[in-house]
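Colleague: no letters, just coordinates:
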């Protein structure tokens, strides 16, 4: 071939309209020039015509077309309309049709001026006028489409339209309106173990009780259950008295200080209590003494003389936890008088080998004192029957069943429920007026008194077992007090108490191959977590993913960073932001009209997602919180797979618009469903997603519904997570290596 005609591309001619017109003109020219070929390789800077034999070249498209027609006459008169089109001014199809119809003769269309007019019209409108039937023009039109990447134009503009399925969203509750049980609805009462007020909670305390309960509470509320979540600081007892001595303040001043510390820590971790109270209240005294007196009236209290350890060095009786020594069972040298931290055995301080006073290391001596005992032996039959039925019906966690059964198997004996202290709920008997109620008899009643300080209708929650289910969350060391002593006290009053339905307990969260210990200041504490600049969502995610449900788990800084970068950022963040940014840039923030019929394998996607949603709900109903989070992240992973399968990119958007629209529509709805499943774990993150989607909170459902409708406006994408530099691992490990700061 002696003549090569090279079409242009969007790198050389960036204006799409000009590019279309140029390429149609030069391809039309190739139809008329013998021994010519069309090349798409615009390897030289300017496309055009080149005769390889003579070296003759042309670059202007109109000139190339005139050369093909052998039309070199520049004096031909043309109309203003023709001038407009030739110069690149737009005209309507009607105007062009009228102009072409005036041409006479069999070959009226086959002229240089007409082909220039038609090519310019095509440049503007990306189509040919219907009047054009010339074979060569139609062939050239098909060829030129292969050389031009058509840019899809979205005309929809963000105008504030909202279009979503309102029946499937959560209606916000008024925080000023008390939550009370409702007839005909599922009423859930949730408590987390009351944290000791004498110190800052560490991460093990947080995940074992308040965070776990908060996750479940948020799940219940987003399922539409009528839910109340209460907690508060446990403020009475020897631990408080002793800590007050250390800090040279009164017990009340200490409680006031640390109650605020706890409150601030939990607020930062976004724990959504409906009521966060405390046990040093008049309601606590009133309700605890009432339960005590009813037990006494019913013959379930007895008086015994008890041998106690007394420290002559500081002249005071020692509470069990302030006696330390060697455990008689596992021989751990720092066992406490009430429990061994190593083997978990409940102890009597007199069982310890070589006991010592924790305050001054003096050797304590035994003394005798009269006390009140709860006659658990008289209640043993009722407690056994209740525990068997409740643990099965409420699907208690395995470790809570094991611990409870171990206690019951050994047989129940009377247990002392008074102490020789000043700081506590006074014993309401004249002979014992200088004593106080034992903290582990008193503390579980705190759930009731905190509810009573929240609402005068507290009995509708706590004396309504037919309509209320009680869910309790705690570490395993608190189990016997909630499955034996507290329900035993409830049974002994002969009143119709709401008793434990489901018990969710955790094993221990270890810290970097060691043990968290609030009393010894080992591990990362709640106020430390705020100092590293990582959002509460990341902390909540990591702690929930490491929740020690069936065995001890390890907190590790390296694992913390890895999970943020590879799971939150690369999985969840990538899925959400990829679609959001695509809709922002390609669709002007407006969901397009879409049909699932245009989405290959939509039925497979729906089936997969609903299987995951069903598993999620089934696990969460049993308070399998760690498994629930794993499934939520699998939904996100399925979303990433969905985008990969459908190749959501510019090519799909331009060349398969209906397919792209369906991917976007279904993808945004999958994000909406995903946000509902992560909301119990990362409420702040889900709120950001809801804000981006411009929607309210979605009910958690087993069904994958297309709740977001065409024309709905979304907002701009935001980054959900940021990458954590791995260099921080060693820095944080050193900075927070077991030193508590307050």
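Modeller: Arrived safely. Just so you know, these numbers come straight off a predicted model, no measurement behind them.

Colleague: what about the helices in the stretch 451-600 of the chain?
Modeller: All helices of the stretch 451-600 of the chain, identified by DSSP state H, counting those that start in this stretch, fall at 459-462, 479-480, 486-493, 526-529, 536-545, 557-563, 574-586.

Colleague: any idea which helix or strand comes after the longest one?
Modeller: By that I understand helix 574-586. Next along the chain after helix 574-586, taking DSSP states H and E as the criterion, comes helix 602-621.

Colleague: for that following helix, buried residues please.
Modeller: Within helix 602-621, the residues scored as buried using 16 or more other CB atoms under 10 Å are 602, 605-606, 608-610, 612-613, 615-617, 619-620. Using the backbone N, CA and C atoms, a C-beta is placed for each residue, glycine as well.

Colleague: nearest to residue 178, of these?
Modeller: When the buried residues of helix 602-621 are ranked by distance to residue 178 (CB to CB), residue 620 comes first, at 26.1 Å.

Colleague: test my guess that the closest one contacts residue 630.
Modeller: No. Under the criterion of CB atoms under 8 Å, residue 620 is not in contact with residue 630, lying 11.5 Å apart.

Colleague: out of the helices of the stretch 451-600 of the chain, which comes closest to residue 725?
Modeller: Per CB to CB, nearest to residue 725 of the helices of the stretch 451-600 of the chain: helix 557-563, 8.1 Å.

Colleague: buried residues in that closest one?
Modeller: 557, 560-561, 563.

Colleague: what's the answer for stretch 588-607, then?
Modeller: Neighbour-count burial for stretch 588-607 [16+ other CB under 10 Å]: 589-592, 594, 598-599, 602, 605-606.

Colleague: identify the bridge partners of the nearest residue to residue 426 once chain neighbours are set aside.
Modeller: Computed as CB to CB, 6 or more residues apart in numbering, the closest residue to residue 426 that is not its neighbour in sequence is residue 436, at 6.0 Å. On the basis of DSSP bridges, residue 436 is bridged to residue 419, residue 426.

Colleague: next, count neighbours for residue 436.
Modeller: Residues within reach of residue 436, counting by other CB atoms under 10 Å, total 21.

Colleague: just residue 425 next, same as before
Modeller: By the measure other CB under 10 Å, the count of residues near residue 425 is 25.

Colleague: wait, it sits on residue 234?
Modeller: No. In this structure, residue 425 is not within contact of residue 234 by CB under 8 Å, at 11.8 Å.

Colleague: on that earlier part again, could you dump the helices of the stretch 451-600 of the chain into JSON lines with distance to residue 453 added?
Modeller: As requested, those are exported to JSON lines (distance: least, CB to CB, whole Å):
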{"stretch": "helix 459-462", "distance to residue 453": "12"}
{"stretch": "helix 479-480", "distance to residue 453": "26"}
{"stretch": "helix 486-493", "distance to residue 453": "19"}
{"stretch": "helix 526-529", "distance to residue 453": "24"}
{"stretch": "helix 536-545", "distance to residue 453": "27"}
{"stretch": "helix 557-563", "distance to residue 453": "37"}
{"stretch": "helix 574-586", "distance to residue 453": "41"}
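
Colleague: how about CSV for the ones you listed, with distance to residue 331 and mean pLDDT added?
Modeller: Output for the helices of the stretch 451-600 of the chain, formatted as CSV (distance: least, CB to CB, whole Å; pLDDT from 0 to 100):
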stretch, distance to residue 331, mean pLDDT
helix 459-462, 43, 98
helix 479-480, 23, 96
helix 486-493, 32, 98
helix 526-529, 33, 84
helix 536-545, 32, 98
helix 557-563, 32, 96
helix 574-586, 52, 97
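
Colleague: so which of those is nearest residue 216?
Modeller: helix 536-545 (10.9 Å).

Colleague: which helices and strands does the closest one pack with?
Modeller: The helices and strands touching helix 536-545, judged by 3 or more CB pairs under 8 Å, 6 or more residues apart in numbering; DSSP states H and E, are helix 211-222, helix 557-563, helix 625-646, helix 683-693.

Colleague: the shortest one - contacts with which helices or strands?
Modeller: What that stands for is helix 557-563. helix 536-545, helix 728-735.
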